[in-house]
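# Sequence first, then the predicted structure, then my questions.
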Amino acid sequence: MWEALKAVVLAAGEGRRLRPLTETRPKHMIQIGGRPLLEHHLNSLRDAGINEILLVVNYMTDQIREYFGDGSRFGLKIEYAYQKEIRGTADAFALAEDYADGDFLATYGDLLISSNIVRSALDFHLRNKPAATLTTVEVKHPERYAVIKLVERRVVNIIEKPSPESVESNQINAGVYVFSPEIFEAIKQTGKSPRGEQEITDSIRILIDRGEKVLATKVSSKEWLDVGRPWDFLDANMRVLKNLKRKILGEAEVGAHIDGSVFVDENARIRSGAYIEGPVYIGRGSDIGPNCYIRPYTSIGRNVRVGNAVEVKNSILMDSVHIGHLSYVGDSIIGEGCNLGAGTITANLRFDGKSVKMRVKGETVDTERRKMGVIMGDYVKTGIGVLLMPGVKVGHNSWIWPNVVVHKDVPSNMIVTLQQQIRHAVFPGNDEER
């Protein structure tokens, strides 16, 4: 059986599309449902029977090493390989040549996947014994990914991000592979792609051109999610919380109402008048209420303070966040240590009702979400009465003075005053400048 196989998991990238969240942590360490994304990923591998894992790391390596250690507290045996430069996925997997002693599982650590996907790939590979097994998933916008061209189960081509009019299939590379040792020879023959990196898809294409058997098994999009953009973390958080089990380990005062699948960790306090509607995760040492409303699909980290008459909905609040009374946080991600002054409002719905747009790596991107709030880096402070418009990002360590309306992104380490905001005013609906 596949229990003897090892896994190689890529966790080296920064995640520049996720800034400002990744200015202070690797994307793999952003928490959903009380655990880093990478922990959810590794748990799926463990639950599928894989216990030995090589993590390929680079960006903020110490955070990953400190959290996961040797893997023993997760029921795993974890080793690390350091990718000195981010030179592509093929270059990263090449670091496993001395680690793998036969066929091995290979995955991208920023995927939220089920153990069923891992089992399906391993079982298919061991039954058919190809040089490589890919997994494919059907998506709405295949042109954003590597499209897989199949003849029955055989992979005949991989087309990286084709133009929309040339797309022949909605099946894309799902980023979960099982490789034979033949992949390492193909990697050695892999040149640089147009973006200057060695891509594992090019290595797989070399196997195909040599006539090697490369097969694919299809997986369900309900058990797979590529978490690459800020709003993807809200989707990932929702999926994780759907499986949350109700457990109240902390203190719930008389008069607190807790409905549905709500997890309250030890030393957390739910004050009288709080209304919590699950699924909701509340971390250790947090203090919620009184008289606040925590709506479904909200993850609250450790030592968070949610004050009187606050409403939080479908959001991620990282550790040590403080939200002052009379505030609203909806469809947002609030970084560690942020302090939101009384009456801070995250607007999450455009006035014209259109989908919210957001700036990602310098480009305006349609989130395709009708409701989208703010993405806030760590240790941001807002004064009383601050209003953040839909889809804005606030960089870490920035301060927003009282009564400012934030229409456009705020870089890190900035102070935004009312006078500056008026001088740089952008009228609503001007998406090109926001």
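That came through fine. Numbers count the residues shown, from 1 in each chain.

# Check this protein for its longest strand and report it.
Taking DSSP state E as the criterion, the chain has its longest strand at strand 171-179.

# Mean confidence (pLDDT) on that strand, please.
Mean per-residue pLDDT for strand 171-179: 92.

# List the buried residues in whatever helix or strand comes next after that strand.
For strand 171-179, the following helix or strand on the C-terminal side (DSSP states H and E) is helix 182-188. Within helix 182-188, the residues that qualify as buried are Glu182, Ile183, Phe184, Ala186, Ile187, counting by 16 or more other CB atoms under 10 Å. No exception for glycine: its C-beta is placed from N, CA and C like everyone else's.

# Could you dump the residues you listed into JSON lines and include distance to Leu207 and pLDDT?
Listed next are the buried residues of helix 182-188 as JSON lines, based on distance: CB to CB, whole Å; pLDDT from 0 to 100:
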{"residue": "Glu182", "distance to Leu207": "7", "pLDDT": "93"}
{"residue": "Ile183", "distance to Leu207": "7", "pLDDT": "94"}
{"residue": "Phe184", "distance to Leu207": "11", "pLDDT": "94"}
{"residue": "Ala186", "distance to Leu207": "5", "pLDDT": "92"}
{"residue": "Ile187", "distance to Leu207": "10", "pLDDT": "94"}
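
# CA atoms only for stretch 58-73 - export them in CSV, please.
C-alpha atoms of stretch 58-73 as CSV (Å, rounded to 0.1, in the frame of the first residue of the first chain):
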residue,chain,number,x,y,z
ASN,A,58,12.2,29.7,1.6
TYR,A,59,10.2,32.7,2.6
MET,A,60,10.1,33.3,6.3
THR,A,61,11.2,29.8,6.9
ASP,A,62,11.6,30.3,10.6
GLN,A,63,7.8,30.7,11.1
ILE,A,64,7.1,27.4,9.4
ARG,A,65,9.9,25.5,11.3
GLU,A,66,8.9,27.0,14.6
TYR,A,67,5.3,26.0,14.2
PHE,A,68,5.7,22.5,12.7
GLY,A,69,9.0,21.4,14.2
ASP,A,70,9.7,17.7,13.5
GLY,A,71,6.0,17.1,13.0
SER,A,72,5.6,14.8,16.0
ARG,A,73,2.8,16.7,17.6
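
# Centre of the chain to it, how far?
17 Å (CA atoms, centre = their mean, to the nearest Å).

# same deal with stretch 275-283?
Worked out by CA atoms, centre = their mean, stretch 275-283 lies 20 Å from the chain centre.

# May I have the distance across that stretch, first residue to last?
17 Å (CA to CA, to the nearest Å).

# Check the contact between His396 and Gly335; I expect there is one.
Yes: if you go by CB atoms under 8 Å, His396 and Gly335 touch, sitting 6.3 Å apart.

# More neighbours: which of these two?
Gly335 (27 against 21; other CB atoms under 10 Å).

# show me the contacts for the more buried one.
By CB atoms under 8 Å, 6 or more residues apart in numbering, Gly335 lies in contact with Pro20, Leu21, Thr24, Met318, Val321, Met376, Gly377, Asp378, Tyr379, Val380, His396.

# circling back to that earlier point, identify the farthest-apart pair in the buried residues of helix 182-188.
Glu182 and Ile187 (9.9 Å; CB to CB).

# quick revisit: dump the contacts of Gly335 to CSV, plus pLDDT and distance to Ala236.
CSV is the format used below for the contacts of Gly335 (pLDDT from 0 to 100; distance: CB to CB, whole Å):
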residue, pLDDT, distance to Ala236
Pro20, 95, 18
Leu21, 96, 13
Thr24, 95, 19
Met318, 97, 14
Val321, 98, 19
Met376, 97, 18
Gly377, 96, 19
Asp378, 97, 19
Tyr379, 97, 24
Val380, 96, 22
His396, 94, 21
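
# Tabulate those residues (TSV), appending secondary structure and distance to Tyr59.
Converted to TSV, these look like this (DSSP: H, G, I helix; E, B strand; the rest coil; distance: CB to CB, whole Å):
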residue	secondary structure	distance to Tyr59
Pro20	coil	15
Leu21	helix	13
Thr24	coil	11
Met318	coil	18
Val321	coil	24
Met376	strand	21
Gly377	coil	16
Asp378	coil	16
Tyr379	coil	20
Val380	coil	22
His396	coil	16
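
# Which one (most neighbours) among the residues you listed?
When neighbours are counted by other CB under 10 Å, Met376 leads the contacts of Gly335 with 31 neighbours.

# wait, doesn't that residue sit right on Val394?
Yes: here Met376 reaches Val394: they are 4.7 Å apart, a contact under CB under 8 Å.

# what do these two both touch?
Contact criterion CB under 8 Å, 6+ apart; residues shared by Met376 and Val394: Pro20.

# Compute the first-to-last residue distance for stretch 277-296.
From start residue to end residue, stretch 277-296 stretches across 5 Å - CA to CA.

# Of all the residues in it, which ones are buried?
277-290, 292-296.

# For this protein, which helix extends over the most residues?
Secondary structure assigned by DSSP state H gives helix 115-128 as the longest helix of the chain.

# for that one, packing partners?
helix 37-47, strand 104-108, strand 132-138, strand 171-179, strand 214-219 (3 or more CB pairs under 8 Å, 6 or more residues apart in numbering; DSSP states H and E).

# If you count contacts, what does the longest one end up packed against?
When you say that, I think you mean helix 37-47. strand 6-11, helix 61-68, strand 104-108, strand 111-113, helix 115-128, helix 230-241.

# Out of the ones you listed, flag the one nearest Gly385.
Per CB to CB, nearest to Gly385 of the helices and strands packed on helix 37-47: helix 230-241, 25.1 Å.

# picking that back up, got TSV for the helices and strands packed on helix 115-128, with distance to Glu199 and mean neighbour count too?
Output for these, formatted as TSV (distance: least, CB to CB, whole Å; neighbours: other CB atoms under 10 Å):
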stretch	distance to Glu199	mean neighbour count
helix 37-47	21	21
strand 104-108	12	24
strand 132-138	14	24
strand 171-179	10	25
strand 214-219	15	21
